[in-house]
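Participant: The following block contains a protein sequence and its predicted model.
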Amino acid sequence: MSEKPTFEENLNHLEQIVTELEKGNVPLEQALEQFKQGVALSHDLQVKLTGAEKTLAKMMKDDDTTEQFEAPKDDTDGKEE
């Protein structure tokens with residue numbers, strides 16, 4: 001079983017896809033597949049960012065001090081799709 005890529009790895013992969021597509025040297029079929037991959041990566045990254053924002057908001061009190069709290073576990077870890 002392979003490890004799930006990190007946020008940073010997914011972001012780097014998305015940047016590589018965008019760079020290749022911007023060059024315009026990719027055959028149409030490959031460009032469409034890369035675009036689909038990019039949309040999926042973008043969605044996953046947005047979900048993770050939204051989750052991180054919610055976690056930080058829960059940790060911060062009104063007086064800008066932090067409170068101790070256990071981070072939620074990712075439900076998708078360890079599951080095969």
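Facilitator: Received, thanks.

Participant: Could I get the full set of helices for the chain?
Facilitator: Shown for the chain, the helices assigned by DSSP state H span residues 7-23, 28-59.

Participant: can the ones you listed go into JSON lines with extra columns for mean neighbour count and mean pLDDT?
Facilitator: The way it works is simple: take the backbone N, C-alpha and C, and place the C-beta from them, glycine included. Converted to JSON lines, those look like this (neighbours: other CB atoms under 10 Å; pLDDT from 0 to 100):
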{"stretch": "helix 7-23", "mean neighbour count": "13", "mean pLDDT": "96"}
{"stretch": "helix 28-59", "mean neighbour count": "12", "mean pLDDT": "94"}
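
Participant: What separation is there between Met60 and Phe35?
Facilitator: Distance from Met60 to Phe35, counting by CB to CB, to the nearest Å: 37 Å.

Participant: again, but for Met59
Facilitator: To Phe35, Met59 is 36 Å away according to CB to CB.

Participant: same check, this time on Val18
Facilitator: According to CB to CB, Val18 stands 10 Å off from Phe35.

Participant: ok, now Glu53?
Facilitator: 27 Å.

Participant: ditto for Asn12
Facilitator: From Asn12 across to Phe35, the span is 17 Å (CB to CB).

Participant: And for Glu22?
Facilitator: 12 Å.

Participant: now do Lys58
Facilitator: Distance from Lys58 to Phe35, by CB to CB: 35 Å.

Participant: per-residue confidence for Ala71?
Facilitator: Note for Ala71: predicted pLDDT of 56.

Participant: Distance from the chain centre to stretch 47-66, please.
Facilitator: In terms of CA atoms, centre = their mean, to the nearest Å, the centre of stretch 47-66 is found 18 Å from the chain centre.

Participant: can you pull the contacts of the residue lying closest to Phe35 once chain neighbours are set aside?
Facilitator: Leaving out its chain neighbours, the residue that sits closest to Phe35 by CB to CB, 6 or more residues apart in numbering is Leu21, at 6.8 Å. Residues in contact with Leu21 (CB atoms under 8 Å, 6 or more residues apart in numbering) are 31, 34-35, 38.

Participant: Perfect, that will be all.
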